[in-house]
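[1] here are the coordinates; sequence isn't available:
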Ligand SMILES: [Zn+2]
C-alpha cells in the first residue's frame, strides 16, 4: 500500500485540499513543463470515459511525462478473466504511477493495496471520483477567491449524483451553506443530511428552484435528472423540466455567481445561458487539467516543482 | 434482586450439561442461535455439544445457549459471534468452575467473515477477503472498507 495514492476525496485533509488547490493555481500559470521528464504513467480505463482520460493524459503530457495504457478493456486480458490484482501487478512493473477507472466500487482502493506504485482513482463505479471533486473545488476557489462564507446550491439529481456527494464532503471542511434543490424522489440521501446535522453544516432543502434560492447563491451546481432513475415514468414527466436553468432566471443573481455542471449536460442548462459570463461549466472542465496535474505530482511525491520551473 | 441467588441459579443452569471443561455461549437471541452454531463450525466437532433454544431470559425474552466440551475457541472465531449476537456472553469452564465470563467483543474491523451486499463491490468480483469497519456495535452496523456501503445487523449473512 502506497500512502500517496489518491483514492477518495475523504482521505484528503483540509490542508491537503488547500495545498492541491495552490498547486493547481501554479500549474494554471505554468501549464507546460518538464517536471515529469522520464516518468511513465499508466492510464487503465476498465470502463471507457473519453473525457476523463483525455484530461488526465493532457495533464501528463503537458508536464513532460509519457503515457501508456488502455481505454477499452475489451482489448485486454481482463476480458479473458484476469483478476484486477494481476493486471495491476503486471502494469506496476512498468510505470511510476497508475491512473485507473473501473466499473466496480472500491476497485481503486484494492488496487492501491496490491502494489507499491501510487494509484489515482479516476472513478470507481458510483463510488468516488476525486479528480472531479478537486476540479469542482478549484473552480469554486478560483471564481470566488475563497471557499469560506459561500452559499452553494446543488440542483437536480442529489440522490444518485456522486459528484454532489463528494463535493459536499470536501466543502464540509469550510464555512459553506448549502441549498439542496430537488424533487423528493431525488433529494440528498439521509446519510448526508445526518452528516450535515452532526457537523453543524447549515443547509436548506427545497423542492422549488425559485428566484429566492438562485439570488442568494454564490455557486449553482447543476446536475442532470435522468429518466433511468425513475421507476414511475409519470413522475419523471412531472419533474423533468422543473430543474432546468434558463438565462432569464439569472437576472437578479449575485454578480459573483457562477454556474457549474460536471458535463455532459442535456437540457438542464439551456443554450441561452452559455453566453452569460456567469456560465462557467466549460472553463470548469479546463480547470480539470490543472487540478489533475496537482494530483499527479502529489501522488508521485514531487514537491519541488516550483524550483524546477523558472 | 439478590446477587447470591442469581449466581446460584447460573451455576445450576450451567451444570445441566455437566461441563467439566469447555465453553458456554449464553444470551444468544433465539433467532440467531443456529447462525451462531454455523459460524462456530460446531457441526464438524466431535466433542460433546449441548444446544438449547427458546429458554426464558429476562434480558432477551427467549434466548439460546451453546455448550461445547473441551473446546476453547480462538478470539477471532468468537468475534464472529459478536456480529450476529452482540448480547452473547462467553463462559470459560475449567473443573466445573466458571473461570471467565466475558461479553463477546467485536473488533474495530471485521475481515473475511461477512459478505458485502453491494453486487458492484470489488470484493464480490475479485478473489479477495472482505473488510469492514465497525461503525456501530449494538445493533451492529458495518461499513465496507472498499465500496463504503453500510450493512445493518439484519442484512448480515
Ligand atoms: Zn463493498
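    Alright, I've got the coordinates. From a predicted model like this one, the values you see are computed outputs, not experimental measurements.
[2] all helices of the stretch 201-310 of chain A, in order?
    Using DSSP state H, counting those that start in this stretch, the helices found in the stretch 201-310 of chain A span residues A:211-215, A:233-239, A:281-299, A:305-308.
[3] surely residue A:221 touches residue A:133?
    No - checked against C-beta atoms under 8 Å, the pair residue A:221 and residue A:133 is beyond contact range at 11.4 Å. For every residue, glycine as well, the C-beta is placed using N, CA and C.
[4] mind listing the shared neighbours of the two?
    Here residue A:221 and residue A:133 have residue A:167 as joint contacts, going by C-beta atoms under 8 Å, 6 or more residues apart in numbering or on different chains.
[5] where does chain B dip in pLDDT?
    B:1-17, B:157 (pLDDT under 70).
[6] center of it, which residue is that?
    For chain B, residue B:81 is the residue whose C-alpha lies nearest the centre (C-alpha atoms, centre = their mean; 2.4 Å).
[7] first-to-last residue distance for stretch A:274-284?
    One end of stretch A:274-284 to the other measures 13 Å (C-alpha to C-alpha, to the nearest Å).
[8] how about residue A:106: what's its closest non-neighbour residue?
    Spatial nearest neighbour of residue A:106, excluding adjacent residues (C-beta to C-beta, 6 or more residues apart in numbering or on different chains): residue B:146 at 2.6 Å.
[9] so who does the one you found touch?
    Contacts of residue B:146 (C-beta under 8 Å, 6+ apart): A:105-107, A:109-110, B:116, B:121-123, B:131.
[10] which of the helices of the stretch 201-310 of chain A sits most buried?
    helix A:281-299 (a mean of 22; mean count of other C-beta atoms under 10 Å in any protein chain shown).
[11] out of the helices of the stretch 201-310 of chain A, which is closest to the ion?
    Closest to the ion of those is helix A:281-299 (C-beta to the ion; 23.7 Å).
[12] and the gap between residue A:60 and residue A:26?
    Separation of residue A:60 from residue A:26 (C-beta to C-beta, to the nearest Å) stands at 17 Å.
[13] who has more neighbours out of those two?
    Counted by other C-beta atoms under 10 Å in any protein chain shown, residue A:60 and residue A:26 do not tie: residue A:60 has more neighbours, with 22 against 16.
[14] so which residue of chain B comes closest to chain A?
    Going by C-beta to the nearest C-beta, chain A is nearest to residue B:146 of chain B, at 2.6 Å.
[15] that residue - that's part of a helix, no?
    No - going by DSSP: H, G, I helix; E, B strand; the rest coil, the assignment for residue B:146 is coil, not a helix.
[16] what's the neighbour count on residue A:89?
    14.
[17] which pLDDT value belongs to residue A:118?
    On the pLDDT scale, residue A:118 is placed at 97.
[18] actually, residue A:310.
    With respect to pLDDT, residue A:310 has a value of 63.
[19] that older thread, how about the helices of the stretch 201-310 of chain A in JSON lines, adding distance to chain B?
    As requested, the helices of the stretch 201-310 of chain A are exported to JSON lines (distance: least, C-beta to the nearest C-beta, whole Å):
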{"stretch": "helix A:211-215", "distance to chain B": "30"}
{"stretch": "helix A:233-239", "distance to chain B": "23"}
{"stretch": "helix A:281-299", "distance to chain B": "19"}
{"stretch": "helix A:305-308", "distance to chain B": "32"}
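[20] mind putting these into JSON lines with distance to the ion?
    Shown next, in JSON lines, are the helices of the stretch 201-310 of chain A (distance: least, C-beta to the ion, whole Å):
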{"stretch": "helix A:211-215", "distance to the ion": "36"}
{"stretch": "helix A:233-239", "distance to the ion": "29"}
{"stretch": "helix A:281-299", "distance to the ion": "24"}
{"stretch": "helix A:305-308", "distance to the ion": "36"}
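[21] so which of those is nearest residue B:38?
    Evaluated over the helices of the stretch 201-310 of chain A, closeness to residue B:38 peaks at helix A:233-239, with 43.1 Å, by C-beta to C-beta.
[22] can you list the neighbours in contact with the closest one?
    By C-beta under 8 Å, 6+ apart, helix A:233-239 touches A:183, A:185-186, A:225, A:227, A:229-230.
[23] again with stretch A:9-27
    Contacts of stretch A:9-27 (C-beta under 8 Å, 6+ apart): A:6, A:128, A:130, A:133-134, A:137-138, A:141-142, A:166, A:169-170, A:173-174, A:287, A:289-291, A:293-295, A:297-298, A:305-306.
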